[in-house]
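>>> Okay, structure incoming, though there's no sequence with it:
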């Protein structure tokens, strides 16, 4: 933390005296994944109140996305404490993180900076089950996939009559619950509304106001692929207020990202066999999210316990495992890893430079 504090101080200096807050969420695969969520608001507010009302706040963000309503709350909360709000993107700022960036007076991106489309994927109790494994979480429904199906019927198949389109829609409803489709439409309308509101926070000139709907169309519909990546040059062409980071800003923001990458294990795959061997149990607290500013660090972690179990050495021993009720008996000699995970909520501590 002390090393990052020094980087934050230097970054604030090269940014002309702005105050910097970082918001980092893990992009690792389960069980170490994390998304932007409303539980960040409380610790984030602590950082803002400690900083106080200042001229400019820079938010350095790294995230694969999350709850679409959180960016709107974070942007408005930040703007209560500053006259100018900027977002620094050293690497990934996808989906909901892109939506957050739309609310900034300036988006500063380095060579590795990435924005993405903001079309959401929707998860409801009415979503279809996983086709290969019903025990897996239900499939998320992409807004663009539903729109793509309807548009394909119109544009590729040349269907124009209302009666035939009703039949096409009926085929869709046969496979996906109507309430799940309704959730897709509602989420699509919400994301467009939020994106327009974000842009309107800082757009004043008439020609810029005119461009809002075009920017929303591009990011919500016309890039066609949720994992499409937008660098700073393309972001500028889309009409976003993007500037390329200076050498000093790029060096410091990238070094900050690397410091989080090291502590959080970003980019590392999870293999339970690496954590528990020889019948032993492994338990560790792994950070999955940070909010940090000069002198203050908030962290959320996940406690993961991996227990390796082995079936009986020969068929004569009784199957089943004491202390793990409901677990079926394993075939002789077969090993299995049991992964248990618990989220440890946000904690905030003061930090000092080393």
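In hand now; what should we look at? Predicted model, so just to flag it, every value in this text is computed and none were measured.
>>> hang on, residue 51 packs against residue 80?
No: between residue 51 and residue 80 there is no contact under Cβ atoms under 8 Å: 11.4 Å. From N, CA and C alone the C-beta is placed, and that goes for glycine too.
>>> ok, those two, which is more surrounded?
A count of neighbours by other Cβ atoms under 10 Å puts residue 51 above the other of residue 51 and residue 80, at 19 against 9.
>>> Can you name the residues bridging to the nearest residue to the more buried one once chain neighbours are set aside?
Among residues not flanking residue 51 along the chain, residue 19 sits closest, at 4.9 Å (Cβ to Cβ, 6 or more residues apart in numbering). Taking DSSP bridges as the rule, residue 19 bridges to residue 57.
>>> what ranges do the strands span in the stretch 251-354 of the chain?
281-293, 296-310, 335-350 (DSSP state E, counting those that start in this stretch).
>>> For residue 117, which of these is the nearest?
Residue 117 sits nearest to strand 281-293 of all the strands of the stretch 251-354 of the chain, at 23.2 Å, using Cβ to Cβ.
>>> Strand 296-310 and the closest one, what's the angle between them?
160 degrees (axes from the mean of the first three to the mean of the last three Cα atoms, to 10 degrees).
>>> any idea of the angle strand 281-293 forms with strand 335-350?
30 degrees.
>>> and strand 281-293, which strands flank it?
strand 19-25 (antiparallel), strand 296-310 (antiparallel).
>>> Quick one: mean pLDDT for it?
Throughout strand 281-293, pLDDT has a mean value of 89.
>>> How far off centre is that strand?
A distance of 16 Å separates the centroid of the chain from that of strand 281-293, by Cα atoms, centre = their mean, to the nearest Å.
>>> Could you tell me which residues within it count as buried?
Using 16 or more other Cβ atoms under 10 Å as the test for burial, strand 281-293 gives 286-293.
>>> what's the most distant pair in those?
Checking these with Cβ to Cβ, the most distant pair is 286 and 293, at 22.4 Å.
>>> just to revisit the earlier point, let me have the strands of the stretch 251-354 of the chain in JSON lines, extended by distance to residue 13.
JSON lines is the format used below for those (distance: least, Cβ to Cβ, whole Å):
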{"stretch": "strand 281-293", "distance to residue 13": "15"}
{"stretch": "strand 296-310", "distance to residue 13": "18"}
{"stretch": "strand 335-350", "distance to residue 13": "21"}
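>>> Could you pull up the contacting residues of the residue nearest to the spatial centre of the chain?
The C-alpha lying nearest the average C-alpha coordinate of the chain belongs to residue 65 (Cα atoms, centre = their mean; 2.2 Å). The contact partners of residue 65, taken as Cβ atoms under 8 Å, 6 or more residues apart in numbering, are 35-36, 94-98, 116.
>>> Tell me, how many residues neighbour the residue nearest to it when sequence neighbours are not counted?
Using Cβ to Cβ, 6+ apart and skipping residues adjacent in sequence, the residue nearest residue 65 is residue 95, 2.8 Å away. Residues lying near residue 95 (other Cβ under 10 Å) number 26.
>>> And residue 231, by the same measure?
For residue 231, using other Cβ under 10 Å, the count is 16.
>>> So it sits against residue 109, correct?
Yes: Residue 231 is within contact range of residue 109, at 7.2 Å (criterion: Cβ under 8 Å).
>>> picking that back up, and the strands paired with strand 281-293, which one is worst for confidence?
strand 296-310 (a mean of 86).
>>> For it, list every residue counted as buried.
Residues 296-302, 304, 306-309 are the ones in strand 296-310 that count as buried (16+ other Cβ under 10 Å).
>>> Mind putting the strands paired with strand 281-293 into TSV with distance to residue 43?
Formatted as TSV, those follow (distance: least, Cβ to Cβ, whole Å):
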stretch	distance to residue 43
strand 19-25	10
strand 296-310	4
